[in-house]
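Undergrad: predicted structure and sequence below. I'll ask about it afterward.
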Amino acid sequence: MLLRIRSRDGLERLTVDNPNATVGELKSLIQNNLRIPLENQTLSTNQNLLLAKTADDLTRFVDMANPNTPLAALNLGHGSIVFLAYEGERTVAGPNFHPAGSFGRKMTMDDLVAKQMKVTRQENPHCELVSFDRDCANAFQHYVNDTLAFAVKRGGFMYGTVSEEGKVEVDFIYEPPQQGTEENLTFFRDPEEEKAVEAIALGLGMRRVGFIFTQTVGQDKKDYTLSNREVLQAAEFHAESELKEWVTAMVKLEMNEDGAADVHFEAFQMSDMCIRLFKEGWFETEIGEDQDPKLSKMKKDVVVGVKDTREVDNDFFLVVVKIFDHQGPLSSTFPIENRITPVTLGALKTHLNRAKSLPYVKQIADFHLMLLLARILDVNADIPALAACVHTQSAIPEGYKLLIESMANAS
């Protein structure tokens, strides 16, 4: 049978003649054919192996640790993919050499540029870590889990702060008007609403720091970390931001050891090369239904390993970011914008009644509440001033309190 071996060098093929071959025999074939010593190999059927960065990370992949395990017991057959991580360096057989000049094919300017476009893994992110406010992360994951059941995609923009050390803290998530299907997520961006969001963030001393989206339960059956459509969308928002610490976060369901489903957060940065290729228009943006979702197509050849290709494994564009959590300065109990149930002024009255035992500045310390207020109050003056009071925990001026109370009572 033919097995496909995917490593940091790309995809290579290996013929296994013995129908009863074991993991140990496969490792020997890899040593003999791909020149990787047995002791340096880690194999797995889990694609996340390619994202492992340390020796401790590698020890989590144990499905192919026993050399006596038959390949058939791992459901590996003709055409199956095995993921390979290894220590050290090796020389990969390259393409045939074609001389340039009058005795061979002439090098064009595109050929010369492609030689410079070498796609390799970026080892270190510009972002030291990303920390999520527990309440805002829970508000997002509860909706996609309990209401949408991870059947359709959902997304939003993350807002917070970036420290001098590159630590990103996410304190609220804005969910734009959108339409999600099992495979696609489309934002219908509203410039006026985004202007209000930016005014609130400015008053809070925050900025847009990333993009968050979900993968559906249908996508969980696919053989990729991010699909080519997700890579394109993440690269678009990253490039738009001009923030080198920009974070892309993905939320999905994963089966645990007991067979139950857990909500799982992962965080990445799109690599510098990915953003450069996107900005310079190298990505094919029209994606056919029959296209392999784990590969991104380029308009011109790039170099991956030692091979010229127009198809790049999406994992080459991902740089893993560590995830932490914290308790931020805002609450996330107010109904959230642009969901199935519209947010009305009635929600404002209910919220204020429920929170009336708190200081007034605490009552309105919720991004989603302030976004509702921005429908009526001046986004150039009133909204930044209110947000600044929340930021500094200063008393809310009586005039604003009267305005907010009258809005609530008018519902």
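TA: Now that the structure is in, tell me what you want to look at. Residues are numbered from 1 along each chain as shown.
Undergrad: how about the helices in the stretch 301-411 of the chain?
TA: Using DSSP state H, counting those that start in this stretch, the helices assigned to the stretch 301-411 of the chain run over residues 345-354, 360-363, 367-373, 382-392, 398-409.
Undergrad: let me have the ones you listed in TSV, extended by distance to Gly77 and mean pLDDT.
TA: The way it works is simple: take the backbone N, C-alpha and C, and place the C-beta from them, glycine included. Formatted as TSV, the helices of the stretch 301-411 of the chain follow (distance: least, Cβ to Cβ, whole Å; pLDDT from 0 to 100):
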stretch	distance to Gly77	mean pLDDT
helix 345-354	55	95
helix 360-363	60	96
helix 367-373	50	97
helix 382-392	58	96
helix 398-409	64	94
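Undergrad: what's the most buried one of the ones you listed?
TA: helix 367-373 (a mean of 24; mean count of other Cβ atoms under 10 Å).
Undergrad: output that helix as CSV, nothing but the C-alphas.
TA: The C-alpha trace of helix 367-373 is given here as CSV (Å, rounded to 0.1, in the frame of the first residue of the first chain):
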residue,chain,number,x,y,z
PHE,A,367,-19.2,46.8,26.2
HIS,A,368,-22.5,45.4,24.8
LEU,A,369,-24.6,47.8,26.9
MET,A,370,-22.4,50.8,25.8
LEU,A,371,-22.9,49.7,22.2
LEU,A,372,-26.7,49.9,22.7
LEU,A,373,-26.3,53.4,24.2
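Undergrad: what packs against that helix?
TA: Under the contact criterion of 3 or more Cβ pairs under 8 Å, 6 or more residues apart in numbering; DSSP states H and E, helix 367-373 touches strand 167-174, helix 191-204, helix 345-354, helix 382-392.
Undergrad: go with 10 Å
TA: On a contact count with 3 or more Cβ pairs under 10 Å, 6 or more residues apart in numbering; DSSP states H and E, helix 367-373 meets helix 134-142, strand 167-174, helix 191-204, helix 345-354, helix 382-392, helix 398-409.
Undergrad: with Pro342 as the reference, measure out to the closest residue to Thr341 other than its chain neighbours.
TA: Of all residues not flanking Thr341 in the chain, Pro335 sits nearest, at 7.0 Å (Cβ to Cβ, 6 or more residues apart in numbering). For Pro335, the distance to Pro342 equals 9 Å [Cβ to Cβ, to the nearest Å].
Undergrad: which of those two has more residues huddled nearby?
TA: Neighbours per residue (other Cβ atoms under 10 Å) separate Pro335 from Pro342, with Pro335 holding more: 19 against 9.
Undergrad: which helix or strand contains the nearest residue to Asn48 once chain neighbours are set aside?
TA: Distance criterion Cβ to Cβ, 6+ apart; nearest residue to Asn48, sequence neighbours excluded, is Thr225 at 7.0 Å. Of the helices and strands defined by DSSP states H and E, none includes Thr225.
Undergrad: so who does Thr225 touch?
TA: 47-48, 50-51, 215, 231, 250, 266, 268, 294, 313-315, 317-318, 320 (Cβ atoms under 10 Å, 6 or more residues apart in numbering).
Undergrad: could you do Leu318 as well?
TA: 50-51, 121-122, 125, 225-226, 231, 234, 248, 250, 266, 268-271, 274.
Undergrad: shouldn't Phe324 be in contact with Ala137?
TA: No. In this structure, Phe324 is not within contact of Ala137 by Cβ atoms under 10 Å, at 11.1 Å.
Undergrad: so what sits against both of these two?
TA: Ser131.
Undergrad: so which of the two has more stuff around it?
TA: More crowded of Phe324 and Ala137, by other Cβ under 10 Å: Ala137, with 22 against 12.
Undergrad: in contact with that one, which residues?
TA: Ser131, Met158, Val170, Ile173, Ile212, Ala249, Val251, Val263, Phe265, Ile323, Asp325, Ser332.
Undergrad: following the helix or strand of the chain with the lowest mean pLDDT, which helix or strand shows up next?
TA: Every helix and strand of the chain was ranked by mean pLDDT, DSSP states H and E. The lowest is helix 109-116, at a mean of 59. Later in the chain than helix 109-116, the nearest helix or strand by DSSP H and E is strand 118-119.
Undergrad: which one (most neighbours) among the contacts of Ala137?
TA: Met158 (27 neighbours).
Undergrad: ok, back up a step: Gly205: which of the helices of the stretch 301-411 of the chain is closest?
TA: Closest approach to Gly205 among the helices of the stretch 301-411 of the chain is made by helix 382-392 (5.1 Å; Cβ to Cβ).
Undergrad: chain center to that closest one: distance?
TA: Put simply, helix 382-392 sits 31 Å off its chain's centre (Cα atoms, centre = their mean, to the nearest Å).
Undergrad: contact partners of that helix?
TA: By Cβ under 10 Å, 6+ apart, helix 382-392 touches 195-206, 329-330, 360-362, 364-367, 369-371, 373-374, 376-378, 394-397, 399-400, 403-404.
Undergrad: and the angle for it with helix 398-409?
TA: 110 degrees (axes from the mean of the first three to the mean of the last three Cα atoms, to 10 degrees).
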